[in-house]
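Novice: coordinates only, sequence not included:
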């Protein structure tokens, strides 16, 4: 009896020591504070994480959900421990999310670059003397792939009778980046004063977008170490979990109700730690300055 108690105590202390060691490693690598600011995917990011931003992402999330159910059930059958099944189920969608750290910022950088390219094309088309709505419609076919859907939707709204201002604000809200806000602000001001220097303004914004892309890519390169830490900790956690599934003797001390409670506490601590490390490795994003469109001003 004393031997069993000793084994349980050693298992608990070992798990706590591992969690403490990982916490200290994270603090040493990424620090304990980060400046306030909006992160990539903030606001609607939770909705995108759960439901997906595109039909392809939604299908992937549905497959991960089904896989999580089957994997959790399999983990429970192999070990007879409900907490193990729950942890395995969480690991199925959680592991790709953790391994994909940095992908959201890379996508945001690609979209900023696409906004700059679209702005240059809009400048060239508007220089032919076409009106703003005709110029925007003329860029749909050549819009960069990263923002093609948003540009197509903007043109469709204008053709459907939306007022230009709310349609442009809706476009900026969908891109959700301050660089796009600059482009939309210039277009809205042009609608007000009908100035003849729109091409020059758009060219300046496109050049500024290129500089912004270069700066963000430089910052992204400096975040390699924290993101490696996220992937390393995720891989190590998955390895420990897989070893426990293959070697039931390793997790046998957690078979009691007390052991299951301890396992649940340690599992939550590991999940929170990994999510925190991922959040710390994400850069802040400059705040936007344009408001959301007013639904009452959509059409005339």
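Specialist: On my side now, so go ahead. Since this is a predicted model, take the numbers as computed values, not measurements.
Novice: got a list of contacts for stretch 138-146?
Specialist: The set of residues that contact stretch 138-146 without belonging to it, under Cβ atoms under 8 Å, 6 or more residues apart in numbering, is 107, 110-111, 113-114, 117-118, 121-122, 125, 130, 148, 151-152, 155. Where C-beta positions appear, they are placed from N, C-alpha and C, glycine not excepted.
Novice: Most neighbours among those residues, which one?
Specialist: Comparing those by number of neighbours (other Cβ atoms under 10 Å), residue 118 comes first, having 27 neighbours.
Novice: need the contact list for that one.
Specialist: By Cβ under 8 Å, 6+ apart, residue 118 lies in contact with 139, 143-144, 147, 151.
Novice: And these, which is closest to residue 103?
Specialist: Using Cβ to Cβ, residue 147 is the member of the contacts of residue 118 that sits closest to residue 103, with 17.2 Å.
Novice: Write the PyMOL selection for whichever of the contacts of residue 118 are buried.
Specialist: Written as a PyMOL command, the selection of buried residues from these, which uses 16 or more other Cβ atoms under 10 Å, is:
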select buried, resi 139+143+144+147+151
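Novice: The contacts of stretch 138-146 in helices, which ones?
Specialist: Among the contacts of stretch 138-146, the members falling in helices are 107, 110-111, 113-114, 117-118, 121-122, 125, 148, 151-152, 155 (criterion: DSSP state H).
Novice: List just the nearest of these to residue 209.
Specialist: Using Cβ to Cβ, residue 113 comes nearest to residue 209 of those, at 7.2 Å.
Novice: How many residues are close by the spatially closest residue to residue 244 that is not a sequence neighbour?
Specialist: Take residue 244 and drop its neighbours on the chain: the residue closest to it by Cβ to Cβ, 6 or more residues apart in numbering is residue 251, 4.4 Å away. The number of residues packed around residue 251, counting by other Cβ under 10 Å, is 21.
Novice: Please apply the same query to the one 3 residues further on.
Specialist: A count of neighbours around residue 254, defined by other Cβ under 10 Å, yields 23.
Novice: Next, format the ones in helices among the contacts of stretch 138-146 as CSV and append distance to residue 227 and pLDDT.
Specialist: Formatted as CSV, the ones in helices among the contacts of stretch 138-146 follow (distance: Cβ to Cβ, whole Å; pLDDT from 0 to 100):
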residue, distance to residue 227, pLDDT
107, 15, 87
110, 17, 90
111, 20, 90
113, 21, 92
114, 23, 92
117, 27, 93
118, 29, 93
121, 33, 90
122, 35, 89
125, 39, 85
148, 29, 91
151, 31, 92
152, 33, 93
155, 37, 91
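Novice: Return the closest of those residues with respect to residue 233.
Specialist: Of all the ones in helices among the contacts of stretch 138-146, the one with the least separation from residue 233 (Cβ to Cβ) is residue 107, at 23.1 Å.
Novice: Residue 278 versus the residue nearest to the spatial centre of the chain, what's the distance?
Specialist: Residue closest to the mean C-alpha point of the chain, counted by Cα atoms, centre = their mean, is residue 104 at 4.1 Å. Note on residue 104: its distance to residue 278, by Cβ to Cβ, to the nearest Å, is 10 Å.
Novice: what does residue 142 give?
Specialist: If you go by Cβ to Cβ, the gap between residue 142 and residue 278 works out to 36 Å.
Novice: Check residue 98 too.
Specialist: Plainly put, residue 98 is 6 Å away from residue 278 if you go by Cβ to Cβ.
Novice: same check, this time on residue 181
Specialist: Residue 181 sits at a distance of 27 Å from residue 278 (criterion: Cβ to Cβ).
Novice: The two - which one has more neighbours?
Specialist: For residue 181 versus residue 278, neighbours defined as other Cβ under 10 Å are more numerous around residue 278 (23 against 20).
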